[in-house]
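K.L.:
build me a model from this:
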Amino acid sequence: MRTAPPYSIFAIRILTALLCLMLLAFSAEGRQSQPADSLWKDSLRVALNDIQAGAPQAEYLLSLAEQLQGSHPGRAVYCAEKALSISRNYGASLTEGKSLYWCALLELRKNTYGDALDVPKGRAKLAAELFRKQEEPGWLARSYDLAANIHFNLEEDDSAVIYTRRALAAMNAMETAGTKKERVAAEVYYTAGKIAGEAGSDSALVWINRSQELHERTGNPEGVARAELLKGFYAEPESREGHFLHAIELYRKRDNRQGLYAALIEYAVYCINQYEDSGKRGEGWYRKSTRSLREALQLEQDGRCEARRQLGIAHHWKAYFNQEDNNTFESHLDSAYRYYESALIEAEKESNFDCIREISEEIAKTCKEFGGCPEDIVWITQTFSTVLQERKAEIRKAGRELTTYQVREEQMRSRRRLQNLGLIAVILLLGFLGTFYLLYQRQRIRHLGQKLKAEQETSAAKQKALENQEKALRAQRAASRAQLNPHFILNTLNAIDNLVNFGKPEDASYYLTQFTHVCWRAMENSRLEAISLADEVETLQSLLALEQLRLPDILNYKIEVEEGLDQEKISMPPMLLQPFVENAIWHGIQKKQAPGKVSVQICSNGADRLKCVVEDNGIGREKAAQLQRASVFKRPSRGSTIINERIQAIEGAELNIIDLKDNGGQPRGTRIEILLPKKTL
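P.N.:
The predicted model follows:
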């Protein structure tokens with residue numbers, strides 16, 4: 001191989017430029033970049049002031065990022081980062097996930113490989129975790145697909161395959177078919193084709209063709225162009241150039257400058273590889289590559305260092321294949337060095353450390369192959385210690401984001417655990433109090449019975465016997481009321497247990513508050529022979545409210561009291577209507593398995609009587625009895641017997657039970673009518 005004349009002047013110039021660029025990048029560490037167009041930033045600030053703070057502002061910024069990604073990628077990044085900051089400040093988890101996704105996607109397009117992908121990789125996975133918790137399969141599929149692309153660019157093939165499979169599973173979990181699902185599927189199929197092609201699988205073109213068909217069906221020419229570009233890598237060798245040129249033409253028609261730039265670069269790399277394989281006889285490939293790269297430079301997109309680097313590589317091979325012609329050799333070698341130098345300048349402007357690394361490798365390769373460079377070329381490697389520090393800082397940033405999210409999630413889980421433990425403790429306490437109250441009432445009943453029996457045995461006078469009989473009746477009525485309360489306690493505790501089991505702690509807490517009020521009133525009233533009508537109505541209101549909370553979609557109720565009745569003065573036995581209301585709900589409405597209604601009416605029946613009506617439109621007594629006989633839980637109900645005895649003990653009271661029928665003779669509910677003497681407190 002022929003050795004070139006000394007080109008130390010070019011190598012020294014490039015080494016000096018490289019070192020200066022590294023020092024500039026290092027000294028600029030921590031400095032925040034500002035939007036290029038200050039007027040645009042000012043107008044954006046004005047627009048945000050007219051939008052509701054929080055998630056609406058973040059969603060607006062994300063829509064701008066999506067619009068600007070092709071024409072102004074720098075502004076798109078600015079919008080996505082600002083949306084991420086706003087969504088985190090206002091605790092909008094779904095919008096935070098979308099912001100993380102767009103930040104990661106835009107960073108991936110800016111830095112396609114190397115350590116620069118550590119931050120977008122962490123953000124893509126954070127976004128996926130948020131979407132998984134929010135049960136958003138569409139966005140979850142997009143995030144998994146983005147993570148798969150990042151792992152692919154990092155050459156982590158196993159992880160790329162895992163995330164592609166997750167993306168396919170999330171996509172299949174999307175409920176609604178249509179354009180939205182097809183667009184997600186097109187992106188996932190594209191990634192699957194890219195990974196399969198890199199692995200040398202024959203299924204690559206199958207996935208890519210599926211993606212292209214869906215992009216065509218959903219009217220996405222940019223997606224079609226990307227599929228064509230990918231076919232340029234994995235199609236049959238004789239058709240690859242045609243796919244590259246078709247993708248370039250599609251991007252031209254859409255005036256997508258960013259996509260066109262990427263396609264021109266990829267086509268140029270393909271031509272350079274063909275030139276390298278063909279040797280000097282492949283001059284046509286050299287001309288195609290340089291023509292494509294010069295067109296790319298005219299687009300003035302981010303990443304121009306890559307176009308210049310590829311031009312340097314093209315001239316490197318031109319010099320290599322023309323070493324026998326000294327003038328041609330020196331001319332193209334000089335052009336290679338000049339393009340490498342200009343590529344370094346662009347890399348510094350773009351803070352593209354990966355491009356700097358690759359240029360240094362190309363310079364080292366050229367110096368090693370042609371000679372004439374100083375030994376100080378080792379400086380290139382040494383200066384990369386500063387680049388490594390920059391990358392470590394970005395990795396730490398990604399780690400801090402992940403740690404912050406994990407800590408926040410753990411705090412939320414801890415709060416939920418404490419809430420559940422609190423509810424369980426309250427339920428256990430109420431269960432203990434209910435059991436204690438039941439035992440206390442039974443002991444009280446036993447004690448009263450023994451006391452009355454002793455008084456009856458020792459009484460000699462008839463008047464004394466009559467007084468003892470009256471006391472016995474009062475004790476019996478108090479005992480009856482006491483026996484009703486545990487039944488209600490057990491039903492209520494069962495309802496609270498159901499709410500906790502089905503993950504409704506707020507409802508359970510409200511239920512407990514209402515239940516405490518009802519228990520307190522039940523204990524107070526059980527010691528009285530009579531209470532006001534107002535107290536009885538209030539107790540029924542609390543009871544029905546609790547039952548409606550337990551059966552929100554089934555139970556409706558209405559309580560009507562005749563106007564003119566003095567509810568504070570009129571008296572009635574305590575908790576007399578409660579068993580009938582409970583029977584209407586538990587045996588009539590609940591077993592109906594359809595919405596039902598319970599109505600309570602209280603009115604005068606003449607001048608000296610009070611009429612109480614409890615009516616439901618449930619399944620009727622006959623059907624309820626059939627269901628009870630067929631039930632595996634056969635336990636005797638003492639509630640009806642006890643309440644009948646209570647009404648019989650009231651002088652002048654009457655109880656009528658009416659089975660309601662429709663015109664066809666079918667049961668349509670039950671009506672309970674109770675007539676009581678009108679008394680005052």
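K.L.:
ok, the residue most central in space within the chain to residue 185 distance?
P.N.:
By CA atoms, centre = their mean, the chain has its centre lying nearest to residue 134, at 1.1 Å. Here residue 134 is placed at a distance of 21 Å from residue 185 (CB to CB, to the nearest Å). All C-beta atoms are positioned from the backbone trio N, CA, C, and that covers glycine.
K.L.:
next one: residue 317
P.N.:
Residue 317 is 41 Å from residue 185, by CB to CB.
K.L.:
what do you get for residue 556?
P.N.:
Noted for residue 556: a distance of 46 Å to residue 185, by CB to CB.
K.L.:
residue 267 now?
P.N.:
When residue 267 is compared with residue 185 (using CB to CB), they lie 27 Å apart.
K.L.:
which one's more surrounded, the two?
P.N.:
Using other CB atoms under 10 Å, the more surrounded residue of residue 267 and residue 185 is residue 267, with 26 against 21.
K.L.:
those strands in the stretch 501-650 of the chain, which residues are they?
P.N.:
531-532, 555-561, 570-572, 596-604, 609-616 (DSSP state E, counting those that start in this stretch).
K.L.:
list the contacts for the residue nearest to the centre of the chain?
P.N.:
93, 94, 97 (CB atoms under 8 Å, 6 or more residues apart in numbering).
K.L.:
quick check on those residues: which are buried?
P.N.:
Neighbour counting by 16 or more other CB atoms under 10 Å classes 94, 97 among those as buried.
K.L.:
would CSV of the contacts of residue 134 with secondary structure be doable?
P.N.:
Formatted as CSV, these follow (DSSP: H, G, I helix; E, B strand; the rest coil):
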residue, secondary structure
93, helix
94, helix
97, helix
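K.L.:
I'd assumed residue 570 was in contact with residue 610.
P.N.:
Yes. Between residue 610 and residue 570 there is a contact under CB atoms under 8 Å: 6.9 Å.
K.L.:
what is in contact with those two at once?
P.N.:
residue 678.
K.L.:
domain ranges for the chain?
P.N.:
If you go by automatic domain parsing, the domain ranges for the chain are 256-373, 486-680.
K.L.:
now distance to residue 67 and mean pLDDT too, for those, in JSON lines please.
P.N.:
Formatted as JSON lines, these follow (distance: least, CB to CB, whole Å; pLDDT from 0 to 100):
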{"stretch": "domain 256-373", "distance to residue 67": "13", "mean pLDDT": "83"}
{"stretch": "domain 486-680", "distance to residue 67": "40", "mean pLDDT": "84"}
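K.L.:
any chance of these in a markdown table, plus distance to residue 79?
P.N.:
Putting these into a markdown table (distance: least, CB to CB, whole Å) gives the following:
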| stretch | distance to residue 79 |
| --- | --- |
| domain 256-373 | 16 |
| domain 486-680 | 37 |
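K.L.:
winner for burial among those?
P.N.:
Compared across those, domain 256-373 shows the largest average neighbour count, a mean of 20 (mean count of other CB atoms under 10 Å).
K.L.:
quick one, helices of the stretch 451-600 of the chain?
P.N.:
Shown for the stretch 451-600 of the chain, the helices assigned by DSSP state H, counting those that start in this stretch span residues 462-501, 505-526, 533-550, 578-583.
K.L.:
distance of residue 237 from residue 145?
P.N.:
29 Å.
K.L.:
those two: which is more packed in?
P.N.:
When residue 237 and residue 145 are compared for neighbours, residue 145 comes out ahead with 27 against 7, by other CB under 10 Å.
K.L.:
which residues touch the longest strand seen in the chain?
P.N.:
Longest strand of the chain, by residue count under DSSP state E: strand 667-677. By CB under 8 Å, 6+ apart, the residues outside strand 667-677 that reach it are 572-573, 576-577, 580, 584, 588, 605, 608-623, 647, 650-662.
K.L.:
can you list the strands that it pairs with?
P.N.:
strand 609-616 (antiparallel), strand 654-661 (antiparallel) (DSSP bridges).
K.L.:
looking at these, which is closest to residue 165?
P.N.:
strand 609-616 (55.4 Å; CB to CB).
K.L.:
quick one: the closest one to strand 596-604, angle?
P.N.:
170 degrees (axes from the mean of the first three to the mean of the last three CA atoms, to 10 degrees).
K.L.:
quick check: angle from strand 609-616 to strand 555-561?
P.N.:
With the same axes, to 10 degrees as the basis, strand 609-616 and strand 555-561 are set at 170 degrees to each other.
K.L.:
now tell me what touches strand 609-616 from outside.
P.N.:
If you take CB under 8 Å, 6+ apart as the criterion, strand 609-616 is touched by 570, 572, 576-577, 580-581, 584-585, 588-589, 596-605, 652, 660, 669-678.
K.L.:
compute the inter-axis angle for that strand and helix 533-550.
P.N.:
Computed by the same axes, to 10 degrees, the angle separating strand 609-616 from helix 533-550 equals 0 degrees.
K.L.:
gap between strand 609-616 and the chain center?
P.N.:
51 Å (CA atoms, centre = their mean, to the nearest Å).
K.L.:
quick check: residue 665 is in a strand.
P.N.:
No. Counting by three-state DSSP, residue 665 is not part of a strand but coil.
K.L.:
which parts of the stretch 1-150 of the chain are helices?
P.N.:
Assigned by DSSP H, counting those that start in this stretch, the helices in the stretch 1-150 of the chain fall at 8-27, 38-49, 55-68, 73-89, 93-110, 118-134, 137-153.
K.L.:
wait, which of those is closest to residue 313?
P.N.:
Here helix 8-27 is closest among the helices of the stretch 1-150 of the chain (CB to CB), at 14.7 Å.
K.L.:
flag the shaky bits of the stretch 351-500 of the chain, pLDDT-wise.
P.N.:
Where the stretch 351-500 of the chain drops to pLDDT under 70, the residues are 351-354, 368-414, 416-417, 459-488, 491.
K.L.:
ok, now the stretch 101-250 of the chain?
P.N.:
111-116, 177.
K.L.:
which residues sit in contact with residue 184?
P.N.:
Neighbour list for residue 184: 138, 141, 142, 145, 171, 174 [criterion: CB under 8 Å, 6+ apart].
K.L.:
how about a cut-off of 7 Å?
P.N.:
Each residue near residue 184 by CB atoms under 7 Å, 6 or more residues apart in numbering is listed here: 138, 141, 142, 171.
K.L.:
helix, strand, or coil at it?
P.N.:
Residue 184 carries the three-state label helix when classified by three-state DSSP.
K.L.:
wait, which of the domains of the chain is closest to residue 201?
P.N.:
Of all those, domain 256-373 sits nearest to residue 201, with 20.7 Å by CB to CB.
K.L.:
before we move on, the earlier item: which one of the strands of the stretch 501-650 of the chain lies nearest to residue 422?
P.N.:
Closest of these to residue 422 is strand 555-561, at 27.8 Å (criterion: CB to CB).
K.L.:
next one: that closest one to chain centre, how far?
P.N.:
Taking mean C-alpha positions (CA atoms, centre = their mean), strand 555-561 and its chain are 40 Å apart.
K.L.:
then stretch 663-674?
P.N.:
With CA atoms, centre = their mean as the basis, stretch 663-674 stands 49 Å off its chain's centre.
K.L.:
stretch 508-517 now?
P.N.:
That offset, for stretch 508-517, works out to 31 Å (CA atoms, centre = their mean).
K.L.:
hey, C-alpha coordinates of that stretch in PDB?
P.N.:
Once non-C-alpha atoms are left out, stretch 508-517 reads as follows in PDB (Å, rounded to 0.1, in the frame of the first residue of the first chain):
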ATOM      1  CA  ALA A 508     -67.200   1.900  54.300                       C
ATOM      2  CA  SER A 509     -66.100   4.900  56.300                       C
ATOM      3  CA  TYR A 510     -69.300   6.700  55.600                       C
ATOM      4  CA  TYR A 511     -71.300   3.500  56.400                       C
ATOM      5  CA  LEU A 512     -69.500   3.200  59.700                       C
ATOM      6  CA  THR A 513     -70.400   6.800  60.700                       C
ATOM      7  CA  GLN A 514     -74.100   6.300  59.900                       C
ATOM      8  CA  PHE A 515     -74.100   2.900  61.600                       C
ATOM      9  CA  THR A 516     -72.700   4.400  64.800                       C
ATOM     10  CA  HIS A 517     -75.600   6.900  64.800                       C
END
